[in-house]
Every structure is written in structure tokens, then in C-alpha cells.
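*Asks:* Here's my sequence, what's the structure:
(one chain, ligands or ions: 2)
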Amino acid sequence: MASLANGIRHLPGYLDRAAQEHLVELVRGVVAEAPLYVPEMPGTGKPMSVRMTNCGSLGWVTDKERGYRYQSTHPGTGNPWPSIPRELLDLWEKLSGYSKPPEACLVNFYSDDAKMGLHQDKDEIDLEAPVVSVSLGSSCLFRVGGLSRKDPTGSFRLSSGDVVVLGGEGRLAFHGVDRIYPGTSTLLKNGGRINLTLRRVNR
Ligand code: SIN
Ligand code: FE2
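*Replies:* Ligands and ions are numbered 1, 2, ... in the order given. This is a model prediction of the structure:
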């Protein structure tokens, strides 16, 4: 893509292989406590193709009845989310330019045929803080547009170890994942892609 809106940064290969492997281990720990679940679209209840969980004092969830929201407990187990690993807090500190720590880390797991439609991240009260996003495993085609759904979009590939920061004017940019490229990484034994997004929710 020729240019990204101000405040959107793509940092290819930001995490080396060892750091990626370590993050996968940490994610496995999170998933052991807070299992991946199938989120539902508000209203229709249509299942999303991406499975999700969270760590942090808050987690982003969605279901048919109550829609998109943050809550402090896992919708399946009812337990508080596990805490955000220090390594991810460090990453946020290095890249966010924001004084307060993230409250939520959404864990998205994409199987080879999963995708995520174009959307804005706008369920947070604090929109001054950026969203910091980490890609692990198979590559994907990431699409990003403007502040209106009708704005033109562009797409580029995200690979394992890449980090994207959506901040500034790009904080509310529409974005989504068009497709996964199966077999493009050896990081996850069973394939697929993990995306971690760190968010500050409250001011
Ligand atoms: C998201 O927008 O929540 C996920 C983005 C990604 O998977 O890269
Ligand atoms: Fe998003």
C-alpha cells in the first residue's frame, strides 16, 4: 500500500523468532485458563469465524443478546481474565507512546479459513490511546481504510512477528483481515494465525 494514514504504523519483523515463540507459550497459558470461545454477531447471533479470548482486567466480548462490550470475566467460565503478561506490557510501553497501561489484550485465533470483516475498534472510552496489534503464525492479508466505511481501502500482508499500531488519526480507521495464507509460518504446529491486540479502555 502506498501510504498509511497518519498514526498507523506497520513494523514488519518487529519480534524475532525467539520472542514470537515465547509469546506463543504465554498465549497457551492464557488459553489454558481462559479457553477460546466462538463470538457471535450482535442481533443475529451469527458466529464469527475467528475464535477469541482475552487477558487483562477487561476483555472484549460479543454475543447475540448483549453485543460488543468489555467485561471483566470470561463469558464461558465466569472467571476473571488472566493478567496481561509482562512481555506484552513492555511492548505497549515501547510502542504506544501512552502513559497508562493497556487494560485489555484480545486474543484472536484464525484457522486457515477464518477472516474478519472491515470494522472500527470503537468500544473503548479512551480513544487517545492507540491499539497495538501483534501477528503470530500464518501470514494474512490485512485491509485498512479511512474513518468512513465508504473510504477507499488498501491491503498489505502481515507476517509472524509484525506489529501494527493504530493511533492518532488512524485510531478509528476501518480495518479487517481478508484472508489467511495457510502454511506460511512454522511457528504454530497446527497452523493458523494468532493476533493479539492491546487496548486501553478507560481514561
Ligand atoms: C482485530 O481487528 O481485532 C484483529 C486484527 C488482526 O487480526 O490483525
Ligand atoms: Fe479491530
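
*Asks:* give me the element the residue in the chain positioned nearest to ligand 1 is part of.
*Replies:* With distances taken as Cβ to the nearest ligand atom, the chain approaches ligand 1 most closely at Asn195, which sits 3.3 Å away. C-betas here are computed from N, CA, C, even on glycine. Following DSSP states H and E, one finds Asn195 within strand 193-199.

*Asks:* can you check Leu88 too?
*Replies:* When secondary structure is defined by DSSP H and E, Leu88 falls within helix 86-95.

*Asks:* Against which helices or strands is that helix packed?
*Replies:* Of the remaining helices and strands, those touching helix 86-95 by 3 or more Cβ pairs under 8 Å, 6 or more residues apart in numbering; DSSP states H and E are helix 17-33, strand 131-137, strand 163-166, strand 193-199.

*Asks:* about what we covered before: the strand holding Asn195 vs strand 131-137, what angle?
*Replies:* Per axes from the mean of the first three to the mean of the last three Cα atoms, to 10 degrees, the angle that strand 193-199 makes with strand 131-137 is 160 degrees.

*Asks:* chain center to strand 193-199: distance?
*Replies:* Using Cα atoms, centre = their mean, to the nearest Å, the mean C-alpha position of strand 193-199 is found 3 Å from that of the whole chain.

*Asks:* what residue ranges in this protein score low on pLDDT?
*Replies:* Within the chain, the stretches falling below the threshold (pLDDT under 70) are 1-3.

*Asks:* one more time with 90, if that's ok
*Replies:* Counting by pLDDT under 90, the ranges of the chain that qualify are 1-6.
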